[in-house]
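Enquirer: predicted model and sequence follow; I will ask about them next.
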Amino acid sequence: MNKNELLFKISQRTIQVGVIGLGYVGLPLAVEKAKAGFKTTGFDVQSSKVDMVNAGHNYIGDVVDNDLSKLVSEGMLRATSDFSFIKDCDFIAICVPTPLDEHQQPDISYVRDSVIAISKYLKKDSIVVLESTTYPGTTEELVKPLLEKGSGLVCSEDFYLGFSPERVDPGNLIYKTKNTPKVVGGIGKDATEVISAMYRAVLSGDVTEVSSPAIAEMEKILENTYRNVNIGLVNELAKLCHEMGISIWEVIDAAKTKPYGFQAFYPGPGLGGHCIPLDPYYLSWKAREYGFHTSMIESSMMINDRMPEYTVERASKILNRFKKSLNGAKVLILGVAYKQDIDDYRESPALRVIEELEKNGAIVEYFDPWVAQYKYKGKIRKGLENLTSEVLENSDLVLITAAHSNVDYDFVQKHANAIFDTKNVMKNISNRNNIEVL
């Protein structure tokens, strides 16, 4: 391959881009590629997403509606479910889900299926980048052999391959796809240079080059495992502080006054989102291949996984103080999104809290101004359209599981019989007679 020719084509914006998967990672990336002057095709197996993109209708919160519609109308961005159009693409980014299966093992079927589909149409001098979060070794042990087998091409001789982990924080008002720094690890120095040049042509954030895809894959796992472990620590301390009659929230506020050596993490009803609850499982699964047990990581995972059940136990004790049984109690859940002020409920702990409440006989309703309905374990559930005084007064317990800023918590406190606040969102409410905090 002529590396300099590819670098020249990148500088001239004559590279055509393909993005596999048009979800929370893929669609914003496709939009940024197109905005930077690269003709971009988005691929997705869900025809509904393809149709919406081609109609210029946005469905991702971090994408500006006008940007999408303008790019589509100008012919810079299109979507398709036909993978044969891969033959027109010079740069291909794979942004598909990497969930866990029913046994809490990595499910890389979306990656595998996408790579096989790409390999049938991969042309010489192409650049392929995996962005999906996965275990260290995926790019070289899985993606590379599949691409070579399906295409008949040889990596580093006929095409470039690398890994650049997605970094998406839905609802973040400062860091979006455009300005979030990237890490790139290619198979060979030339691959790393070319892939990095492509991202630098599109993004304003720094691009850090590392020596291999495995380094980049492990780096991404470290980012989220770091958060998982620290959240596990504060969740365990929250349980201890409750037993001791100490406010964990005040403890954290005091600790974060230290200007060095401490970063604040907060407890809650469990972990949500696509990465933090899942990534440590990828690492612990891979570690077992080497006869290594990630004991600290696995302990934090167990603590965090147990938080929805602990939340329900605390809710039951609150009801008992009012001579109410959880069985038959009316519980109102405030917020099913996994974090505040977004419509994303992937892996939300609130869904498990609701499931656990109902297992114990509670009658559950929910209100979330961001999530009108959600799908969980194949079933669709609709939320309340309005949060009224009647709804609050008729509930035996209001359980806050997301700290949305567009909820009137003074109104909630005034009309609720009892409140269990797992996010400390009501910390500034003066009358706290009916409020208990995690």
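Expert: Arrived safely.
Enquirer: report the contact partners of A79.
Expert: By Cβ atoms under 8 Å, 6 or more residues apart in numbering, the contact list for A79 reads 22, 41-44, 49-50, 53-54. The C-beta positions use only the backbone N, C-alpha and C, and glycine is treated the same way.
Enquirer: and for I10?
Expert: For I10, the set of contacting residues under the criterion of Cβ under 8 Å, 6+ apart consists of 194, 197-198, 201.
Enquirer: leaving out chain neighbours, which residue sits closest to the residue positioned nearest the centre of the chain?
Expert: To find the centre residue of the chain, average its C-alpha atoms and take the closest one (Cα atoms, centre = their mean): that gives H274, at 3.2 Å. Residue nearest to H274 in three dimensions, not counting chain neighbours: R346, with 5.2 Å by Cβ to Cβ, 6 or more residues apart in numbering.
Enquirer: likewise for K239?
Expert: With Cβ to Cβ, 6+ apart as the criterion, K239 has its nearest non-adjacent residue at 6.8 Å, and that residue is Y310.
Enquirer: pLDDT, neighbour count and distance to G150 for the contacts of I10 - can I get that in JSON lines?
Expert: Below are these laid out as JSON lines (pLDDT from 0 to 100; neighbours: other Cβ atoms under 10 Å; distance: Cβ to Cβ, whole Å):
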{"residue": "V194", "pLDDT": "97", "neighbour count": "25", "distance to G150": "21"}
{"residue": "A197", "pLDDT": "97", "neighbour count": "18", "distance to G150": "26"}
{"residue": "M198", "pLDDT": "97", "neighbour count": "29", "distance to G150": "23"}
{"residue": "A201", "pLDDT": "97", "neighbour count": "17", "distance to G150": "28"}
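Enquirer: nearest to N360 among these?
Expert: When the contacts of I10 are ranked by distance to N360 (Cβ to Cβ), M198 comes first, at 52.4 Å.
Enquirer: ok, the closest one touching D90?
Expert: No - counting by Cβ atoms under 8 Å, D90 is not a contact partner of M198; they are 9.4 Å apart.
Enquirer: hmm, who's touching the helix or strand of the chain with the lowest mean pLDDT?
Expert: Among the helical and strand segments of the chain, the one scoring lowest on mean pLDDT, DSSP states H and E is helix 279-288, with a mean of 88. Here helix 279-288 makes contact (Cβ under 8 Å, 6+ apart) with 98, 100, 104-106, 133-137, 220-221, 224-225, 228-229, 293-294, 297-298, 300-301.
Enquirer: now swap in stretch 413-430 and tell me
Expert: 249, 266-269, 311, 314-315, 318-319, 322, 335, 340, 389, 392-393, 395-403, 409-410, 412, 431-432, 434-438.
Enquirer: list the buried residues of the longest helix belonging to the chain.
Expert: Within the chain, and with DSSP state H defining each element, the longest helix by residue count is helix 213-244. Buried positions in helix 213-244, judged by neighbour count with 16 or more other Cβ atoms under 10 Å: 213-214, 216-221, 223-229, 231-239, 241-242.
Enquirer: now that helix and helix 279-288, what's the angle there?
Expert: Computed with axes from the mean of the first three to the mean of the last three Cα atoms, to 10 degrees, the direction of helix 213-244 lies at 120 degrees from that of helix 279-288.
Enquirer: helix or strand next in line after helix 213-244, which one?
Expert: Counting by DSSP states H and E, the next helix or strand C-terminal to helix 213-244 is helix 248-255.
Enquirer: put the alpha carbons of that next one into PDB.
Expert: Taking only C-alpha atoms (Å, rounded to 0.1, in the frame of the first residue of the first chain), the coordinates of helix 248-255 have been written out as PDB:
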ATOM      1  CA  ILE A 248     -22.100   9.200  52.900                       C
ATOM      2  CA  TRP A 249     -23.000  12.300  50.800                       C
ATOM      3  CA  GLU A 250     -21.600  14.700  53.500                       C
ATOM      4  CA  VAL A 251     -18.500  12.500  53.800                       C
ATOM      5  CA  ILE A 252     -17.800  12.700  50.100                       C
ATOM      6  CA  ASP A 253     -18.400  16.500  50.000                       C
ATOM      7  CA  ALA A 254     -15.800  16.800  52.800                       C
ATOM      8  CA  ALA A 255     -13.300  14.500  51.200                       C
END
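Enquirer: check which residues of it are buried.
Expert: For helix 248-255, burial by neighbour count (16+ other Cβ under 10 Å) applies to 248-249, 252.
Enquirer: now swap in stretch 11-29 and tell me
Expert: Within stretch 11-29, the residues that qualify as buried are 15-29, counting by 16+ other Cβ under 10 Å.
Enquirer: compute the first-to-last residue distance for that stretch.
Expert: Terminal residues of stretch 11-29 are spaced 18 Å apart (Cα to Cα, to the nearest Å).
Enquirer: the residue nearest to K239: how many residues sit nearby?
Expert: Other residues near Y310 come to 21 when the count uses other Cβ atoms under 10 Å.
Enquirer: return the distance of it relative to V129.
Expert: 40 Å (Cβ to Cβ, to the nearest Å).
Enquirer: now swap in G268 and tell me
Expert: 34 Å.
Enquirer: quick one: secondary structure of the residue of the chain most remote from its centre?
Expert: Going by Cα atoms, centre = their mean, the residue of the chain most distant from its centre is K323, 39.9 Å out. Reducing the assignment to helix, strand or coil with DSSP: H, G, I helix; E, B strand; the rest coil, the entry for K323 is coil.
Enquirer: among the contacts of stretch 413-430, the buried ones, what's the PyMOL command?
Expert: A single PyMOL command suffices to select whichever of those are buried according to 16+ other Cβ under 10 Å:
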select buried, resi 249+266+267+268+269+311+314+315+318+319+335+340+392+395+396+397+398+399+400+401+402+403+409+412+434+435+436+437+438
